[in-house]
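Colleague: structure of the sequence below:
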Amino acid sequence: MNNKLWQSLVNAWKLPDLRTKLLFTAAMIAIYRFGDHVPVPGVDTAAVAKFIASGNQGVLGFLNLFSGGALGRLALFALGIMPYITASIIMQLLTVVIPKLEDLAKEGEQGQKEITKYTRWLTVALSFVQAIGYVVLFKSEGILPTMSIWRSSLIIAGLVTGAVVVMWLGELITARGIGNGMSIIIFISIVSRIPSGAAKLFTMSVITIILFLLIALAVVVGVVWITTGERRVPVQYAKRVVGRRMMGGTSTFIPLKVNMAGVIPVIFASSIMMIVPTFAQFFGTGGVAGWFNKTFGPTTFLYIIGEAILIIIFTYFYTAVTFNPIDQADNLKKYGGFIPGVRPGRPTAEYLDRILTRLTLPGALFLASLAVLPWIMSRFLNVPFYFGGTSLLIVVGVALDTMRQMEAQLLMRHYEGFLK
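Modeller: Model prediction:
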């Protein structure tokens, strides 16, 4: 099996276009990691790191995880990809409720360009508000005691510019590289925090370490199983005469995945749940803001339950966006295809919708259970760092999606792929 894996990697490297995409993605990742280590001007990075570490289990620690540690250094890319994700979520929701945006979404590529433009401007606005919040927070905590208007403006401009560059890098990876740029950047951010987390792992007892590793292994196996699981709906194409040739008469299937939405619901739910605690954090760590963060922070029971509910909702929402049973039924009818025992047209659409609804439920519940896992781990195993089932899901899910894209490139050229 290892020989086949290495042979697949060699085959991937032999393809000029795939090799170019891999190198381009690696270059964008290198730029992103470089920006994660360049602090904005006029900031005491040691004081910021100490403050973030003191609240490592709170909102800032969670945001620091998704920024790859850049927030702990108040680097240029401290805001990370989260403003862009939040803006994308808002635009997708507005597309459903605003007729003008819905019409743009139906106009194809040109309409999508307009929506992308609005998303970018919204990203800049959210980045600006978040950057101001960080300056106010750090100033109130005494980390930035001597802040002039010019110095504050310089820090805000650096953070907003960094967020725009991260958004640009993500779009470049999606357009010219391998995988989804937004997911790849989050993947790299989480993976970069693994060494520090592994170092803290050895401070626990041997029994706890073994139990922790077994749970982590079970989560990885479960993620792979759910992500690759699918139900194949059989499709039969009737024979027909086109010119002098007999066409059709073949059998195939429609693959309906258990987790058709992938890691997107987890990313979206995490972003939505972080909005209010993030802005509450900007008003300091005491008073009403402190109470709110203790009650609804990332490690509280209410936060975990809310995130689990949002994951289930977004799983169904994004599955509906990804797969439209009505369009699928119309395409089958157009090309002479039918599902055995089901009439073409509306009955086929209802049949596919019924299967998809039932199939999505276990996938959504599994994703939601991963959101509850960190809370259980912290309560019963006393894990000294943030272990997120959602983080592990993102890492494994993004790795599988990227491998599938490389697999498709290899199979197009008659090579064996990575997945069997």
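Colleague: please count neighbours and contacts with C-alpha atoms only from this point.
Modeller: Fine.
Colleague: for the spatially closest residue to V191 that is not a sequence neighbour, report the pLDDT, please.
Modeller: When the adjacent residues along the chain are set aside, V191 lies closest to V395, with 7.4 Å between them (Cα to Cα, 6 or more residues apart in numbering). Per-residue confidence at V395 stands at 78 (pLDDT).
Colleague: do the same with N11
Modeller: N11 is assigned 69 on the pLDDT scale.
Colleague: for the closest residue to A49 other than its chain neighbours, give me its contacts.
Modeller: Distances taken as Cα to Cα, 6+ apart put G72 closest to A49, at 4.6 Å, once the chain neighbours are dropped. Taking Cα atoms under 8 Å, 6 or more residues apart in numbering as the contact definition, G72 lies against 45, 48-49, 52-53, 64, 78.
Colleague: on that earlier part again, I figured the residue nearest to V191 hits S189, correct?
Modeller: No - taking Cα atoms under 8 Å as the definition, V395 is not a contact partner of S189, at 9.8 Å.
Colleague: between those two, point out the one with more neighbours.
Modeller: S189 (25 against 22; other Cα atoms under 10 Å).
Colleague: helix/strand/coil for the closest residue to the more buried one other than its chain neighbours?
Modeller: Distance criterion Cα to Cα, 6+ apart; nearest residue to S189, sequence neighbours excluded, is G68 at 3.8 Å. Following DSSP: H, G, I helix; E, B strand; the rest coil, G68 is assigned to coil.
Colleague: and V164, how many neighbours does it have?
Modeller: Neighbour number of V164 under other Cα under 10 Å is 23.
Colleague: element containing the nearest residue in space to it that is not next to it in sequence, please.
Modeller: Among residues not flanking V164 along the chain, V124 sits closest, at 6.8 Å (Cα to Cα, 6+ apart). When elements are assigned from DSSP states H and E, V124 belongs to helix 109-140.
Colleague: which elements pack onto that helix?
Modeller: helix 82-97, helix 99-105, helix 149-176, helix 264-281 (3 or more Cα pairs under 8 Å, 6 or more residues apart in numbering; DSSP states H and E).
Colleague: now with 6 Å?
Modeller: Of the remaining helices and strands, those touching helix 109-140 by 3 or more Cα pairs under 6 Å, 6 or more residues apart in numbering; DSSP states H and E are helix 82-97, helix 99-105, helix 149-176.
Colleague: out of the ones you listed, flag the one nearest R354.
Modeller: Go through the helices and strands packed on helix 109-140 one by one with Cα to Cα and the one that ends up closest to R354 is helix 82-97, at 22.1 Å.
Colleague: relative to helix 149-176, how tilted is the closest one?
Modeller: Taking axes from the mean of the first three to the mean of the last three Cα atoms, to 10 degrees, one finds helix 82-97 and helix 149-176 inclined to each other by 70 degrees.
Colleague: which helices and strands does helix 82-97 pack with?
Modeller: With contacts defined as 3+ Cα pairs under 6 Å, 6+ apart, the secondary structure elements packing on helix 82-97 are helix 109-140.
Colleague: between the helix it packs on and helix 82-97, how big is the angle?
Modeller: 130 degrees.
Colleague: thinking again about what came up before, okay, buried residues for the helix holding V124 please.
Modeller: By neighbour count on 16 or more other Cα atoms under 10 Å, the buried set for helix 109-140 is 111, 115, 119-120, 122-124, 126-128, 130-139.
Colleague: cool, and stretch 337-345?
Modeller: Across stretch 337-345, burial judged by 16+ other Cα under 10 Å covers 337-339, 344-345.
Colleague: follow-up on the earlier one: three-state assignment of the residue nearest to V191?
Modeller: What three-state DSSP gives for V395 is helix.
Colleague: hmm, back to that, by neighbours, which of the contacts of G72 wins?
Modeller: Note: the member of these with the most neighbours is A78, at 31 neighbours, neighbours being other Cα under 10 Å.
Colleague: ok, that residue - contacts?
Modeller: 70-71 (Cα atoms under 6 Å, 6 or more residues apart in numbering).
Colleague: and the strands in the chain?
Modeller: When assigned using DSSP state E, the strands of the chain occupy the ranges 230-237, 240-242, 245-247, 251-257, 337-338.
Colleague: for T319, which of the ones you listed is the nearest?
Modeller: Relative to T319, the nearest member of the strands of the chain by Cα to Cα is strand 251-257, separated by 9.7 Å.
Colleague: quick check: buried residues in that closest one?
Modeller: If you call a residue buried by 16+ other Cα under 10 Å, then strand 251-257 has these buried ones: 256-257.
Colleague: paired strands for it, with orientation please.
Modeller: Paired neighbours of strand 251-257 in the sheet (DSSP bridges): strand 230-237 (antiparallel).
Colleague: can I get the partner strand in PDB? Just the C-alpha atoms.
Modeller: Taking Å, rounded to 0.1, in the frame of the first residue of the first chain, the C-alpha atoms of strand 230-237 are listed here in PDB:
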ATOM      1  CA  GLU A 230     -22.300   7.400   0.300                       C
ATOM      2  CA  ARG A 231     -25.500   5.800  -1.000                       C
ATOM      3  CA  ARG A 232     -25.500   4.900  -4.700                       C
ATOM      4  CA  VAL A 233     -28.900   5.500  -6.300                       C
ATOM      5  CA  PRO A 234     -29.200   3.300  -9.400                       C
ATOM      6  CA  VAL A 235     -30.000   5.000 -12.700                       C
ATOM      7  CA  GLN A 236     -31.000   3.300 -16.000                       C
ATOM      8  CA  TYR A 237     -30.800   5.100 -19.400                       C
END
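Colleague: mind listing what's buried in that strand?
Modeller: In terms of neighbour count (16+ other Cα under 10 Å), strand 230-237 has its buried residues at 230, 235-237.
Colleague: make JSON lines from those residues and add pLDDT and distance to L373 to it.
Modeller: Formatted as JSON lines, the buried residues of strand 230-237 follow (pLDDT from 0 to 100; distance: Cα to Cα, whole Å):
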{"residue": "E230", "pLDDT": "83", "distance to L373": "24"}
{"residue": "V235", "pLDDT": "86", "distance to L373": "39"}
{"residue": "Q236", "pLDDT": "82", "distance to L373": "43"}
{"residue": "Y237", "pLDDT": "77", "distance to L373": "45"}
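Colleague: looking at those, which one is closest to L94?
Modeller: Of all these, L94 sits closest to E230, with 30.8 Å by Cα to Cα.
Colleague: is the closest one in contact with V258, as I believe?
Modeller: Yes - with contact taken as Cα atoms under 6 Å, E230 and V258 are classed as touching, separated by 5.4 Å.
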